[in-house]
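Visitor: pasting a predicted model and its sequence here:
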Amino acid sequence: MIHNKIERIHSDSAITCKLCMQEMETLYEHLAMSREEIDLLDVPKRSFTVHFPVRMDSGKVKMFIGHRVQYNDARGPTKGGIRYHPELTVEYLQDLAFLMSIKCALVDIPFGGAKGGIVANTKELSRGELERVTRAYIREIADYIGPFKDIPAPDVYTDGQIMIWILDEFEKIRREHTPSIVTGKPVELGGSHVRKYSTSLGGVFILEEALKKLEIDKSELCVAVQGFGKVGSNAARILYEKGFTICAVSDSAGGIFNEDGLNITEVIDHKTRTGSVIDFPESQNITNEQILALDCGILIPAALSNQIKRENVNDVRAKVILELANAPITMEASRMLIDRDVLLIPDILANAGGVVVSYFEWIQNLSQDYWEEEKVLERLREKMKTAFEKVYTICLEQNCSMRRAALQFSVERILYAERLRGNL
Ligand SMILES: NC(=O)c1ccc[n+]([C@@H]2O[C@H](COP(=O)([O-])OP(=O)(O)OC[C@H]3O[C@@H](n4cnc5c(N)ncnc54)[C@H](O)[C@@H]3O)[C@@H](O)[C@H]2O)c1
């Protein structure tokens, strides 16, 4: 079950990459980029594969494959997750690392993009094997990572515990404490407050900015959230606490609707008790197709990719869509929504809050000055607000979609850094 979910999230990122790569090709033409500029952006700076033996619980030794891609470091050390997946390929990691470069530039944090991982099915590893595989991988790549070279983070099927094994192995090799080598650590060992809900909160800040631009008061619209996992439930909770009316939420079993609003604190309790949001008292059960078609004003897809497509796009009635999931809307459906003047806030902007708080964790580790939750919140708000302003301005000036504006803005920032360095 868990593994199926991981497969889906893995393929979600593949779809995001594909969509962005398609959009990039039209962007190259739009910006009339030179051959040198395209060539420089087209390839990762460093991309490598390591092979290493690990002793399994059976006593036998098994060979594993690991990859790491450091895409573009013009703006700073590279940053990106480590995922464990049986179908991981270096080509796919290159696309993901490129997207990380774009996201970091978009929210103006001084990092380039990276991505890496191990070809492994974690379902088939014991905890001890998982630890030995992680440590062996880090020994192989230790010369190429570091707080000012490349900083890993959690991704699909890796978590805070794995980050701590990475930290510990790296510190053993270096023989000194280096908490800034990795982000996504538990707060007790150098992690940052807010990290657990940073993606959702970053998206909420962006949504608030969008509503200001549209001169819409939160009391005028209600919100529907598709997906009630880490990202969706935190987004619903934060919006509810801020006084938004959340009229519908859903998970893989289905959704619930109450036009007067749901008490999200109680919905979270109900889901913890029963395993799903459905059958919540004082609400009507609906399907996942129906939630997308509600007359809700604000729609937040926070589940899987490809949820809104040609077949159902005409049913969508929201005025604002915040893409917290990766690639929840196909390119064709996106165009149709934009033609209908729906404000579509793209995933690369809407869900960038996670990497911003990773950056804050890195700063706190380097300075050994740990921030209160309030300070993290304020600084996250500032970063997201600034990124939104820049993207929205381009969008208005060039009459283009927010996705195009976001990609354009990031690419121009990266190319500018390359020019300053004399690489162009
Ligand atoms: N976790 C992060 O920080 C992060 C960052 C960036 C992007 N994302 C993206 O956000 C999305 C959600 O990630 P998450 O970490 O919350 O995952 P999660 O596994 O915690 O939650 C996924 C939720 O979607 C629900 N779901 C599954 N199938 C569904 C369906 N057909 N209809 C409606 N709901 C369905 C599940 O029941 C669950 O509630 C993914 O696209 C992920 O790539 C997550």
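Guide: That came in fine, so what should we check first? Numbering: from 1, shown residues only.
Visitor: ok but Ile206 is inside a helix, no?
Guide: Yes - using DSSP: H, G, I helix; E, B strand; the rest coil, the assignment for Ile206 is a helix.
Visitor: distance of it relative to the ligand?
Guide: 13 Å (CB to the nearest ligand atom, to the nearest Å). Using the backbone N, CA and C atoms, a C-beta is placed for each residue, glycine as well.
Visitor: do Glu176 as well
Guide: Counting by CB to the nearest ligand atom - Glu176 and the ligand are separated by 30 Å.
Visitor: and Glu311, by the same measure?
Guide: 15 Å.
Visitor: how near is Thr134 to the ligand?
Guide: Counting by CB to the nearest ligand atom, the gap from Thr134 to the ligand is 20 Å.
Visitor: in a helix, that residue, correct?
Guide: Yes - counting by three-state DSSP, Thr134 is located in a helix.
Visitor: quick check: it touching Trp165?
Guide: Yes - here Thr134 reaches Trp165: they are 4.6 Å apart, a contact under CB atoms under 8 Å.
Visitor: looking at these two, which is more packed in?
Guide: Per other CB atoms under 10 Å, whichever of Thr134 and Trp165 has more neighbours is Thr134, with 26 against 19.
Visitor: got the contact list for that one?
Guide: Contact partners of Thr134, counting by CB atoms under 8 Å, 6 or more residues apart in numbering, are 118, 162, 165-166, 169.
Visitor: residue ranges for the helices of the stretch 101-250 of the chain, please.
Guide: Along the stretch 101-250 of the chain, counting by DSSP state H, counting those that start in this stretch, helices occupy 127-141, 160-174, 198-213, 230-241.
Visitor: could I get those as JSON lines with mean pLDDT?
Guide: Converted to JSON lines, those look like this (pLDDT from 0 to 100):
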{"stretch": "helix 127-141", "mean pLDDT": "98"}
{"stretch": "helix 160-174", "mean pLDDT": "98"}
{"stretch": "helix 198-213", "mean pLDDT": "97"}
{"stretch": "helix 230-241", "mean pLDDT": "97"}
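Visitor: would you turn those helices into JSON lines with distance to Val277?
Guide: What follows is the helices of the stretch 101-250 of the chain, written out as JSON lines (distance: least, CB to CB, whole Å):
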{"stretch": "helix 127-141", "distance to Val277": "31"}
{"stretch": "helix 160-174", "distance to Val277": "26"}
{"stretch": "helix 198-213", "distance to Val277": "16"}
{"stretch": "helix 230-241", "distance to Val277": "9"}
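Visitor: is stretch 149-156 up against the ligand anywhere?
Guide: No - Stretch 149-156 stays clear of the ligand (CB under 6 Å from any ligand atom), getting no nearer than 8.2 Å.
Visitor: list of residues touching that stretch?
Guide: 6, 9-10, 13, 68, 70, 77-85, 111, 114-117, 144-145, 160, 162-163, 166, 180-184, 355, 358, 362.
Visitor: repeat the analysis, applying 6 Å as the threshold.
Guide: For stretch 149-156, contacts defined as CB atoms under 6 Å, 6 or more residues apart in numbering pick out 6, 9-10, 70, 77-79, 81-83, 114, 163, 182-184, 358.
Visitor: again, but for stretch 302-316
Guide: Contact partners of stretch 302-316, identified using CB under 6 Å, 6+ apart, comprise 8, 12, 15, 225-227, 231-232, 235, 292-293, 301, 324-330, 332-333, 336.
Visitor: so how far is it off the chain centroid?
Guide: 19 Å (CA atoms, centre = their mean, to the nearest Å).
Visitor: can you offset everything so residue one is 38?
Guide: With 38 as the first residue, the last one maps to stretch 339-353.
Visitor: in that stretch, what's buried?
Guide: Buried residues in stretch 339-353, counted by 16 or more other CB atoms under 10 Å: 339-345, 350, 353.
Visitor: filter these down to just the ones in strands.
Guide: In strands, defined here by DSSP state E, there are no members of the buried residues of stretch 339-353.
Visitor: restrict those residues to those near the ligand?
Guide: 339-341.
Visitor: and which of those is nearest the ligand?
Guide: Among these, Ala340 lies closest to the ligand (CB to the nearest ligand atom), at 3.5 Å.
Visitor: give me the distance between the closest one and Ser447.
Guide: 26 Å (CB to CB, to the nearest Å).
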